[in-house]
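K.L.:
Generate coordinates for the sequence data below:
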Amino acid sequence: MNVLAVIRSFVDQGDLLAAVELYVDEDLGGQCVGMRLVFSDDELFVYAEGMDDSVCVSEAFPAALSDGAIRRALAPVEWTSAIGHPILWAWTMTNTQGRLDGLQIEFGAVDHPSITLQVVVRASTLVLRTL
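P.N.:
Numbers count the residues shown, from 1 in each chain. Sure, this is the predicted structure:
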């Protein structure tokens, strides 16, 4: 799966972000293991691959988020400022072991300051940052 190719289709469509949901794992102390970006016509799941701590994306609900200890949670308030805006750009980050362990997605519009959301996989969980 090519992460940027999947995200590119969202850039090309120009759909507006409608909602952000997180998935947290109670067995990991409530840490984030995935998120769902809901757009006007589609949705994008971003999640941590536990085998090699890489970041994955999918347009379908991933089996990795179907564990009984995983529940939905609210997204950080800072992330809600991306709602109502399309994806402008996306970048991936690769660690020194050659694994894709990070993703940055920039949302915005010509008449609105952009917001960049960063997801980094650490110990099979997602670390969320706003840049």
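
K.L.:
Bridge partners for the most centrally placed residue in the chain, pull those for me.
P.N.:
Central residue of the chain (C-alpha atoms, centre = their mean): V46, 3.9 Å from the mean position. Each beta-bridge partner of V46 is listed here, defined by DSSP bridges: M35, V57.

K.L.:
What separation do you get for it and I87?
P.N.:
As defined by C-beta to C-beta, to the nearest Å, V46 lies at a distance of 12 Å from I87. Just so you know, the C-beta spots here come from the backbone N, C-alpha and C atoms, and that holds for glycine as well.

K.L.:
repeat for L74
P.N.:
According to C-beta to C-beta, L74 stands 21 Å off from I87.

K.L.:
next one: L117
P.N.:
Separation of L117 from I87 (C-beta to C-beta) stands at 10 Å.

K.L.:
what mean pLDDT does stretch 41-60 have?
P.N.:
Confidence for stretch 41-60, expressed as mean pLDDT, is 92.

K.L.:
chain center to that stretch, what's the gap?
P.N.:
Average the C-alpha atoms of stretch 41-60, do the same for its chain, and the two points are 7 Å apart (C-alpha atoms, centre = their mean, to the nearest Å).

K.L.:
Check which residues of that stretch are buried.
P.N.:
Buried residues in stretch 41-60, counted by 16 or more other C-beta atoms under 10 Å: 43-49, 53-58.
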